[in-house]
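Enquirer: structure of the sequence below:
(2 chains)
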Amino acid sequence: MTDSNVLEEKLNKITEINGIRVYNIKSNRFKTNTINVFFQDNLNTDSVALNALFPSVLRRGCKGLPTIKDINLYLEELYGAVFDCGIVKKGEKQIIHFYFEYISDKYTSDGDRNFEKALNFLLNIIYKPALQDGSFNELYVEQEKTNLKMLIESRTNDKVQYALDRCYELMCQDEPFGLYEYGTAKQIENITSNELYKHYKEKIGTLPLDIFITGELYDSDIEILKKSLNNIERSTPKSLISSIVKKCVDKVSYFEDVMEVNQAKLSLGFRTNITSKEDDYYALLVYNGILGGGMHSKLFQNVREKAGLAYYVFAGLEKFKGLMIIGSGIDIKEKDHAKELILEQLDEIQKGNITDYEFESTIKSIETGVQSLKDSQLQVVDFYLSQLISDTHDTLESLLDKIKRVTKKDVIDIAKKIQLDTMYFLTSKN
Amino acid sequence: MKFETMEYKKYNETIYKYEHSSGLKCIVVPKKGYYKKHATFSTQYGSVDNEFIIPGEKTKTIVPDGIAHFLEHKLFEQKDGSVMDKFAALGSRPNAFTSFNQTVYLFSCTDLFRENFDLLLNFVQNPYITEESVEREKGIIGQEINMYRDDPGWRVTFNLLDAFYEKHPVKFDIAGSIESISKITKDTLYKCYETFYHPSNMVVTVVGDVDHIQVFEQIEKNIKSTPKTSEIERIFPTESDSINKKYVEQNMPVSTPLFYTGFKDNNFVLEGLEILKYELAVKLLMSMIIGKSSELYTKLYDKGLINSTFETDFSIEKSYAYSMLGGESVNPEAVKDSITKEIRKLRDNGLDPQIFDRLLKASKGRFLRQMNSVESISRTFINLYFKGVTMFDYLGVYDTISFDYITDVFEKHFDLERMALSVVKESK
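Expert: Numbering: from 1, shown residues only, chains lettered A, B, ... in the order given. You can find the predicted model right below:
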């Protein structure tokens, strides 16, 4: 092997220019490098659809590469580089992600250096869109409105995901978290090209902006980067609101949707009342693992394996908003039975009935999960972005240390804080 | 211990290959510095293998659809309980899947590789199936079948295969149907197990930061020493050269219609590197015709007839081959017509060698990207192993594939007489 020295992979802040924070995660294991640009905004009913739409329009063309075809020709010449953008929701923040992955210089046929091209491409896409009479190309805007409406309306195709999202949205319908990160079809419908352009101009100048680069950078690359970022016009970054986590539940809500399905979905949404800044958060991770975080979990063992009541059943956390969800796919007739057995598993933990097997397998499984993250450039970036968003300062190592220190008693104490808020059932007419 | 070492210095990759006396093969791809260690134990046995002659017998055996997948489920149950629990205690993530041609058992771990690997090798070799557990499993798999019936993406795919094939079992759901699995018994499961889980019909892959010698020693220690057997004769129905149906439509609740169009390809009788070459050629041709940098893609996108869900794929196996092109569209028929027109135009005007060169370079770069992930390396290796080639053989193919060859494959694959369309849309 030519490269037998594996680099230590740590997050390094390279620079902060114009309020733009730039991080590098150095590594030489991968065949590719990535550049990730993240804008963050508050989830807000007035801006959610506009924020979801403008990246799709930017993706259509920029200065020098005004069409999809031009963009793709460019990517193909760059050894099949990959470019995409996406929208995600983390707590009550909407994240706009621009992503570029290109082949590491070691594997280009003629020793081509690609960082500069990759960076310029992304910055052009974001800051120099293809314009028509000083605004967005109207045709692009109309087409992307149609595409986004289709995406929103196709949500129900994936019933497993839909039953989870829908439960959370109904549960938080009076809170920003209840918004779907792409907005509604009606909101999209009403957007005009000029309004979108104005919105875009304001947002790219003011939203908090972070850049994560993975792979090896030369000193000259960093100089190029600094120069490029100095040229970007930015005003003081907007300060964002933290997600509201604590909420007392007075009464459990129940919602039902009817669709043509052969298998029903039952989702249970909970308030954990724990933020990721609290020490309790690490015990919550273990609690969730024991309850429904894998094959060793109470839900899997008792609801699926022993009772045969569900094809799938698991528990998951939304750490930014302090929520937990249990998702399951069940026979339509088994709703009450399944609900009862699921809730029994929570009671068991609260009563302190946690076996050593359940506890130790959970810790081990979380450890495997955290270590595994390191083999994906994108997942490592996502981990550190999440730290920034929740204003916590864990590394993958410190996270593991804290999890290993959690005791059974800590987990039992957590159980008392968790409250069922909403039940959602996706069923058929018959 | 005898093993083979293959180095690909330019790409910083190595493979170690080893064969056990039983005929079991093992491939190790070391990935220094990686945290995950990914191991698989696979048999060349999938949902299409429902008719075969057991080595040593004269008459053929016919088994119910969905049995390979059923067996996959059952192997996780062992005499002393579920093997899942044992993996879970080691903190690893076991899994398994059944495809048309393979059943794959796997785990991924970051610690205790030796213990996990022993577990994998042993549970796959030790089935424990009872009549009672077979009956219980029918309920669980029935739920799984129902889940797939609700998945429009899954339906539109199988409906296209139904349009291509009149009889070939590739058209049937991998899990079978509620009706077909009702006929599965303990005895048929054991019969299939004995036939297809012979080590000479199987392969082990390990990808990650491991010591290959240790891996081979563990195989030596854990794999039962049985003599190699002769090949299993697999029987497939005689399928006509033409397609079964031009068009299949299913009504399901979807907001935008989903579609797949594609070509049934009868040129599947190829060996080794020829398979890779043919596959790469069809994929490049699909990019030339309707890839993101093509005129046609832009035209259809601008008209709102396709969106970013549009994708293409090509499969080639011992008894079938086909391409698929599709996604969401408000008017699938119009997309199909445009593709047809484009193919006619290219046939008249000829393909462009410059476009071919550019797409080849891009495709090679994207191929290298797959080597970032232990799962993706392992998946590609298993798939190709049973075709007699390795993932790194692609690199040679990239360097030798010619424009003339592409032109020839264009004529062979894109036969408009063998083009079908599958649509899932809301009932009117």
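Enquirer: contact partners for residue B:156?
Expert: B:250, B:258-260, B:326, B:422-424 (CB atoms under 8 Å, 6 or more residues apart in numbering or on different chains). (Each C-beta comes from the backbone N, C-alpha and C, glycine too.)
Enquirer: for it, what are phi and psi?
Expert: Backbone torsions of residue B:156, given as degrees, to the nearest 10, read phi -70, psi -30.
Enquirer: which pLDDT value goes with it?
Expert: Residue B:156 is assigned a predicted lDDT (pLDDT) of 98.
Enquirer: and residue A:97, helix, strand or coil?
Expert: strand (DSSP: H, G, I helix; E, B strand; the rest coil).
Enquirer: residues near it, how many?
Expert: Other residues lying near residue A:97 total 18 when counted by other CB atoms under 10 Å in any protein chain shown.
Enquirer: so what sits opposite it in the bridge?
Expert: For residue A:97, the beta-bridge partners under DSSP bridges are residue A:38, residue A:86.
Enquirer: chain A next: which of the contacts of residue B:156 are close?
Expert: Restricting those to those within reach of chain A (CB under 8 Å from any CB of the partner chain) leaves residue B:258.
Enquirer: mind checking which helix or strand the closest residue to chain A within the stretch 51-200 of chain B is in?
Expert: Closest to chain A within the stretch 51-200 of chain B is residue B:91: 2.7 Å, counting by CB to the nearest CB. Assigned by DSSP states H and E, residue B:91 belongs to neither a helix nor a strand.
Enquirer: how about the nearest residue to it, chain neighbours excluded?
Expert: residue A:364 (2.7 Å; CB to CB, 6 or more residues apart in numbering or on different chains).
Enquirer: my read: that neighbour touches residue B:93, true?
Expert: No: taking CB atoms under 8 Å as the definition, residue A:364 is not a contact partner of residue B:93, at 10.7 Å.
Enquirer: neighbours of the residue of the stretch 51-200 of chain B closest to chain A, how many?
Expert: 24.
Enquirer: look up how far residue A:398 lies from it.
Expert: 19 Å (CB to CB, to the nearest Å).
Enquirer: swap in residue A:57?
Expert: Residue A:57 is 40 Å from residue A:398, by CB to CB.
Enquirer: any chance you could list what contacts the lowest-mean-pLDDT helix or strand in chain B?
Expert: Ranked by mean pLDDT, DSSP states H and E, the helix or strand of chain B with the weakest confidence is strand B:81-82, at a mean of 82. By CB under 8 Å, 6+ apart, the residues outside strand B:81-82 that reach it are A:305, B:76.
Enquirer: quick check: what element follows it along the chain?
Expert: helix B:83-89.
Enquirer: buried ones in the helix or strand just after that next one?
Expert: Once helix B:83-89 ends, the next helix or strand along the chain (criterion: DSSP H and E) is strand B:93-98. For strand B:93-98, a neighbour-count test (16 or more other CB atoms under 10 Å in any protein chain shown) marks B:93-94, B:96, B:98 as buried.
Enquirer: now for strand B:93-98, which elements pack on it?
Expert: Counting contacts by 3 or more CB pairs under 8 Å, 6 or more residues apart in numbering or on different chains; DSSP states H and E, strand B:93-98 packs against helix B:67-75, helix B:83-89, strand B:103-109.
Enquirer: now the second one - C-alpha only, PDB.
Expert: So that's helix B:83-89. Only the C-alpha atoms of helix B:83-89 are listed here, as PDB (Å, rounded to 0.1, in the frame of the first residue of the first chain):
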ATOM      1  CA  VAL B  83     -28.900 -15.600  16.900                       C
ATOM      2  CA  MET B  84     -29.800 -11.900  16.800                       C
ATOM      3  CA  ASP B  85     -29.500 -11.800  20.500                       C
ATOM      4  CA  LYS B  86     -26.000 -13.100  20.400                       C
ATOM      5  CA  PHE B  87     -25.000 -10.500  17.800                       C
ATOM      6  CA  ALA B  88     -26.700  -7.800  19.800                       C
ATOM      7  CA  ALA B  89     -24.700  -8.800  22.900                       C
END
